[in-house]
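Peer 1: okay, sequence plus prediction incoming.
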Amino acid sequence: MARHYLKMVILSSFFDNEDSISKTLSLGDVCEFIGGGTPSKSNPKYYGGEIPWATVRDMHSDYLEGTELTVNKEGLDRSSSNIIPKNNVVIA
C-alpha cells in the first residue's frame, strides 16, 4: 500500500507543479504495471460468475461502469488474471 501511495504522490506532484513539466520520468516511476491472462474461453464453466471481467469491448468511456462478461473464482484461479482494485487506471 505504501508503494502505491508513493507513486500516487509522485504523479500528483508532477502535474501540480508547473516546474515539473520539464522533468522526464518513465511511466514505471509513477505507476505499477499488472498483466494477466484470460480464463480459458474453451471452458464455459469459468464464465457467468460474480467477478466482473473487463475487456476492450467494455472500454467506451473514461470510467468503466460495468462489464459484458463475468467470471467465477475457479476461472480467476486457473488463469494468470488479476483483480484490479476500484479507482485504478486500466489500459487495454
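Peer 2: It's in. Numbers count the residues shown, from 1 in each chain.

Peer 1: now for residue 79: which residues touch it?
Peer 2: 36-40, 46 (C-beta atoms under 8 Å, 6 or more residues apart in numbering). Backbone N, C-alpha and C define where each C-beta goes, glycine included.

Peer 1: what is the lowest-pLDDT residue among the residues you listed?
Peer 2: Here the lowest pLDDT out of those sits on residue 36, with 85.

Peer 1: quick revisit: from the contacts of residue 79, pick the one nearest residue 80.
Peer 2: Closest approach between the contacts of residue 79 and residue 80, by C-beta to C-beta: residue 37, at 4.0 Å.

Peer 1: does that closest one belong to a helix, a strand or coil?
Peer 2: Following DSSP: H, G, I helix; E, B strand; the rest coil, we place residue 37 in the coil state.

Peer 1: verify the stated contact: it with residue 80.
Peer 2: Yes - assessed by C-beta atoms under 8 Å, residue 37 is found in contact with residue 80 at 4.0 Å.

Peer 1: does residue 82 belong to a helix, a strand or coil?
Peer 2: Residue 82 is classified as coil under three-state DSSP.

Peer 1: ok, now which ones touch it?
Peer 2: With C-beta under 8 Å, 6+ apart, residue 82 has these contacts: 34-36.
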